[in-house]
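>>> next come a sequence and a model predicted from it.
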Amino acid sequence: MEFCMTTGAGFDLERLIATNASAAFNRLVGLEVVSAGAGAVELRMPWRDDLTQYAGHLHAGMIAALLDTACGFAAASLVGSVTASHFSMNCLKPAVGRGFIAKGVTLRAGRRQVFARAELFAENEQGEATLVATGETVLVPLES
């Protein structure tokens, strides 16, 4: 994942919304930036039948994309442009719900590496959220 923007100060909510809108994949899946700042971000995506796997759960590739994007945007809110150098995830239970909430937080922002973690929640019809996956990304700040 790469966010091609100028480096320097972190990106505010407006800039992350614009970045999200500029990414064709994010538009395709209906990803929305709800909040961002100070090394944290919250993203939302509605349920889509066309993003499921054979058993009807959200596809693991889509889970990874949500977690990785939450980590990247959380890091970008502190340091600006970043690209992922390592990503891992843990799927805890089937991801099924009316929508999904990805919450990312920056753990440490250094000059050469930024460490971020994200959690993905499935939201049911009553609005109750259940943790379904976690992920961690190591990111590299980009030079302009």
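Here it is on my side, so go on.

>>> buried sites along the helix or strand hosting residue 14?
Assigned by DSSP states H and E, residue 14 belongs to helix 13-22. Neighbour-count burial for helix 13-22 flags 15-17, 19-20 (criterion: 16 or more other CB atoms under 10 Å). Heads up, the C-betas are built off the backbone N, CA and C, glycines and all.

>>> just flag the most distant two among those residues.
Greatest spacing in the buried residues of helix 13-22, by CB to CB: 15 and 20 (9.7 Å).

>>> adjacent strands (with direction) for the helix or strand that residue 130 is a member of?
In this assignment (DSSP H and E), residue 130 forms part of strand 129-141. Note on strand 129-141: by DSSP bridges, its sheet partners are strand 82-91 (antiparallel), strand 114-123 (antiparallel).

>>> of those, give the one that comes closest to residue 105.
It's strand 114-123; of those, that one is closest to residue 105 (CB to CB) at 5.8 Å.

>>> buried residues in the strand holding residue 130?
129, 132-141.

>>> need those in TSV (columns: distance to residue 74).
Below are those laid out as TSV (distance: CB to CB, whole Å):
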residue	distance to residue 74
129	18
132	19
133	16
134	14
135	11
136	11
137	9
138	13
139	9
140	15
141	13
